[in-house]
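Asks: starting from these lines, generate the structure:
(one chain, ligands or ions: 1)
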Amino acid sequence: MNKDKFIKDCENELRERFEELDEISFYNQKKILRAFQNNNVELRHFYGSTGYGNSDVGRDTLNKVFAEIFGCESAVVSPLITCGTHALYLALSAVLRPGNKILSITGSPYDTLIDAINGNENGDIGSLKDFNISFSQIELTSDGHIDIEKMNKLIGESMPNMIYIQRSRGYSLRDALSVNEIKIAIDNVRKLNKDCYIFVDNCYCEFVEKTEPSAIGADLVAGSLCKNPGGGLVPTGGYVAGTKRAINLVERRLTAPSIGIEVGSYEPGYRLFYQGLFVSPDVVKNIIKGNYLVGKVMEKLGYTVFPNSNKKSYDIVKSIIFNTEDELIKFVQIIQKCSPVDSNAVPMPWNMPGYEDKVIMAAGTFVQGASIELSCDSPIRAPYIAYFQGGLTYDHLKIVAEELLDVYAKN
Ligand SMILES: *Cc1c(COP(=O)(O)O)cnc(C)c1O
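Replies: From the prediction side, this is the model:
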């Protein structure tokens, strides 16, 4: 087989997808540049602060820039938010009160949120359930869409205080949801209930489309800076963005109800937070292109991938389905081998904190575990699905595609 020609053919077949992605990233880049300019981002905003961090203009300006980009009133962006799970739990625990009810309209939440919401066998762990906040869920329809009819019915019956939406696929066999589909759901919710909070787990989806859910009616969106909006440069952190009413409570939950976001220092400074955000649309674009290329190669080798190359991508993840645990583990190990860091490490399944099943993770990344960099993870359970995502450059993902071709097309 002529490898170069095989890859070139794949790229040619993906041209239409690539052109759509170029247009989206150009639009988002303009939006971000404008937000930097409108908020007068200056070199002095990159300096760090210490202690209480009173009047930390770098922090305050970053919050404003974020809010503008996310099309909403307010945002908290902070290295003190340790990861995506933390950002999501922060947002939930900030606005919900004892006796409140959450209704998920996208099935089960992401694995690490399950115990945080519903508790576990260890007794009181400070989960939402331990605060007498209840959770129920509506499954997506069999073809992976929000079941609006059922949602309308349940909102009428149970009067939830929060509608919970997860945009990306998590560890389930479905595609991510488009902002348009989320908008239709939000508009429906608002017809029935003006006041309930609408919450969106935005992980893996920032800048994949031209609009964020916070700009079309969600009260709260949250995510990780080790994913899309960190652009591969941000060393750590998370964000929550949304309405003034909601974010005011998030600020007070992050620190203390009496203080809010008046405090919070970070001595290393904020340059990478601004710089990572600025390059993020381009990094996201290249990831999705590379993702399509890898997916196309696997498709041609006979594997099933989600979303397949005829469909639009609404997150930066590609799911590749394998028949056995061994096949899955082998794929994840190949991805580790293609990494720039720790390429000689051999990932094995392990009991990672927060996850229900054993998981296997490849992440030979510059920022530890950052899944905007080339990475692949999967819970060890049937069906055996590799969740493949990230990659800082398109060429890196093209090398991965070549390597996969070498390994799988040997016969
Ligand atoms: C990654 C992810 C999370 C959790 O983020 P962590 O940074 O791993 O804690 C939550 N929800 C979704 C959909 C994710 O992709």
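Asks: flag the shaky bits of the stretch 1-150 of the chain, pLDDT-wise.
Replies: Scanning the stretch 1-150 of the chain with the threshold set as pLDDT under 70 gives no residue ranges.
Asks: return the helix or strand harbouring E181 as CSV; C-alpha atoms alone will do.
Replies: For E181, the host element (DSSP states H and E) is helix 179-192. Only the C-alpha atoms of helix 179-192 are listed here, as CSV (Å, rounded to 0.1, in the frame of the first residue of the first chain):
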residue,chain,number,x,y,z
VAL,A,179,-25.7,24.2,20.2
ASN,A,180,-28.7,24.4,17.9
GLU,A,181,-30.3,21.3,19.6
ILE,A,182,-29.4,22.7,23.0
LYS,A,183,-31.1,26.0,22.0
ILE,A,184,-34.3,24.3,21.1
ALA,A,185,-34.3,22.5,24.4
ILE,A,186,-33.6,25.7,26.3
ASP,A,187,-36.3,27.6,24.5
ASN,A,188,-38.7,24.8,25.5
VAL,A,189,-37.7,24.9,29.1
ARG,A,190,-38.2,28.6,29.2
LYS,A,191,-41.7,28.4,28.0
LEU,A,192,-42.5,26.2,30.9
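Asks: mind listing what's buried in it?
Replies: V179, E181, I182, K183, A185, I186, N188, V189 (16 or more other CB atoms under 10 Å). Any C-beta I mention is one placed from the backbone N, CA and C, and that applies to glycine too.
Asks: can you tell me what sits against that helix?
Replies: For helix 179-192, the external contacting residues (CB atoms under 8 Å, 6 or more residues apart in numbering) are 105, 145-146, 148, 151-152, 155-156, 163, 165, 167, 196, 198, 200, 209, 211-213, 216-218, 314.
Asks: quick revisit: list just the nearest of the buried residues of helix 179-192 to S343.
Replies: S343 lies nearest to V179 out of the buried residues of helix 179-192, by CB to CB, at 36.4 Å.
Asks: which residues sit in contact with A176?
Replies: Shown in contact with A176 (CB under 8 Å, 6+ apart): R167, S168, R169, Y204, C205, V208, S313, Y314, D315, V317.
Asks: what is the burial count for S343?
Replies: Using other CB atoms under 10 Å, S343 has 10 other residues around it.
Asks: how about it, secondary structure?
Replies: When classified by DSSP: H, G, I helix; E, B strand; the rest coil, S343 comes out as coil.
Asks: please report how far it lies from I335.
Replies: S343 is 10 Å from I335, where distance means CB to CB, to the nearest Å.
Asks: returning to what we had before: just the ones of the contacts of A176 in strands?
Replies: The strands, defined by DSSP state E, take in V317 from the contacts of A176.
Asks: the contacts of A176 also near the ligand: which ones?
Replies: Restricting the contacts of A176 to those near the ligand by CB under 6 Å from any ligand atom leaves S168, Y204.
Asks: what about the strands in this structure?
Replies: So, for the chain - with DSSP E - the strands run 74-78, 101-104, 134-137, 162-166, 197-201, 220-224, 238-242, 304-306, 317-322, 359-362, 375-379, 384-389.
Asks: would you mind finding the most buried of those strands?
Replies: Each of the strands of the chain was scored by mean neighbour count; the highest is strand 238-242, a mean of 31, by mean count of other CB atoms under 10 Å.
Asks: before we move on, the earlier item: which of the contacts of A176 has the weakest pLDDT?
Replies: Lowest pLDDT of the contacts of A176: R169, 92.
Asks: and the closest residue to that residue other than its chain neighbours, how far from T106?
Replies: Once flanking residues are discounted, R169 sits nearest to A176: 5.4 Å by CB to CB, 6 or more residues apart in numbering. Plainly put, A176 is 10 Å away from T106 if you go by CB to CB.
Asks: common neighbours of those two, please.
Replies: Common neighbours of A176 and T106 (CB under 8 Å, 6+ apart) are R167.
Asks: how many residues are close by the residue of the stretch 201-350 of the chain found nearest the ligand?
Replies: Going by CB to the nearest ligand atom, the ligand is nearest to C203 of the stretch 201-350 of the chain, at 3.3 Å. Look at C203: counted by other CB under 10 Å, it has 28 neighbours.
Asks: how about the helices in this protein?
Replies: Using DSSP state H, the helices of the chain run over residues 3-13, 15-38, 57-69, 84-95, 111-118, 148-158, 179-192, 244-254, 271-300, 325-337, 394-408.
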